[in-house]
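Asker: Got a predicted structure here, sequence first:
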Amino acid sequence: MELVERIKEGVIKGDLGVETKVADLVSEGLTEGLSVGTILKDGLIAGMSVIGALFKNNEIYVPEVLIAARAMKSGMAIVRPLLVENKIEPLGTIVIGTAKGDLHDIGKNLVGMMLEGAGFNVIDAGIDVSPEKFIELAKENNADVIGMSALLTTTMPGMQTTVEVIRGSELADKVKTIIGGAPVTQRYADEIGAGGFAPDAASAVDKMKELLGIG
Ligand code: B1M
């Protein structure tokens, strides 16, 4: 099997069942002259994209996604410092966090990992994030999208406030919003004027691409 295929397989299997770890394979690839773009696109991102599809179809579950994301991140850590010098731009930047008052972060982290695995620049704002903080981070990082997660019905209104504050700010024409979390629905997203809703982490990647017009 070609080296880049082994990187992809290593991500899918989460380093399990492959004799060499993804990080080692990535280093080997660079030494052998594989381009950073090939390693990223045909190795790391390709692997996470398979994981995303399997997760969406309920063929694998949260633990398998976390294990694959860990493998992807180990490879990404080697490749990330080389992206700028190789002029490889991320597909877009998202600031992602859990709504104010909400401490749940497992789903938000999954979404972040899947987006990173798809080639986006992910700024993790953490938990209990106020609308002001979302906006401050979006400005600081020149973000295209603010992503909000809420697991409590009581913290969902914080997402509405953020959407409203964005609308009334200079970010209105630039920054889009995606929301999600167990109690959140497309209907709620429409009600509060959010740019998009995603029911799961893999769909969040599709929605992000749709919002940014990426084919
Ligand atoms: Co909490 N909790 N919890 N809890 N907790 C729920 C959410 C609850 C439904 C349990 C229940 O009563 N049946 C309930 C909420 C009821 C409601 O409001 N409707 C609840 C409650 C009440 C509470 C406390 C108030 C309990 C208390 O203290 N009395 C308290 C609140 C703390 C706070 O936030 N202020 C609390 C605390 C906690 C723990 C800290 C113990 C822990 C969180 C640990 C952590 O996250 N680090 C916890 C947990 C683990 C849960 C349950 C069991 C699991 C949540 C989870 O991680 N799911 C949950 C019950 C349940 O759902 N079965 C529950 C797995 C995760 C992968 O799914 O987050 O839905 P999820 O993410 C999915 C999608 O929703 C989507 O993609 C993800 C992956 O596919 N998605 C997005 C998520 N974010 C997205 C963002 C997007 C797009 C998609 O775009 C940006």
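Answerer: Now that the structure is in, tell me what you want to look at.
Asker: can we go C-alpha only for contacts and neighbour counts from here?
Answerer: Fine.
Asker: Not counting the longest strand that the chain contains itself, show me its contacts.
Answerer: Secondary structure of the chain per DSSP state E: the longest strand is strand 121-129. When contacts are taken as C-alpha atoms under 8 Å, 6 or more residues apart in numbering, the neighbours of strand 121-129 outside the stretch itself are 90-105, 112, 115-116, 134, 137, 141.
Asker: SS state for Ile94?
Answerer: Taken by DSSP: H, G, I helix; E, B strand; the rest coil, the conformation at Ile94 corresponds to strand.
Asker: do you know how far it is from the ligand?
Answerer: Applying C-alpha to the nearest ligand atom, to the nearest Å, the value for Ile94 to the ligand is 9 Å.
Asker: Dihedrals phi and psi, the closest residue to that residue other than its chain neighbours?
Answerer: Leaving out its chain neighbours, the residue that sits closest to Ile94 by C-alpha to C-alpha, 6 or more residues apart in numbering is Val145, at 4.7 Å. Reported as degrees, to the nearest 10, the phi and psi values for Val145 are phi -140, psi 140.
Asker: how about the residues of the protein that lie near the ligand?
Answerer: Residues of the chain found near the ligand (C-alpha under 6 Å from any ligand atom) are 101-108, 110-111, 147-149, 151-154, 178-182, 198-201, 204.
Asker: redo that, cut-off 5 Å
Answerer: Of all the residues in the chain, those in contact range of the ligand (C-alpha under 5 Å from any ligand atom) are 102-108, 147-149, 151-153, 178-182, 198, 200-201.
Asker: what's the closest non-adjacent residue to the most centrally placed residue in the chain?
Answerer: The centre of the chain sits closest to Leu115, judged by C-alpha atoms, centre = their mean, with a distance of 2.0 Å. The shortest distance from Leu115 to any non-neighbouring residue, by C-alpha to C-alpha, 6+ apart, is to Val205 (5.7 Å).
Asker: Repeat that for Met148.
Answerer: Of all residues beyond its chain neighbours, the one nearest Met148 is Ile179 (4.8 Å), with distances taken as C-alpha to C-alpha, 6+ apart.
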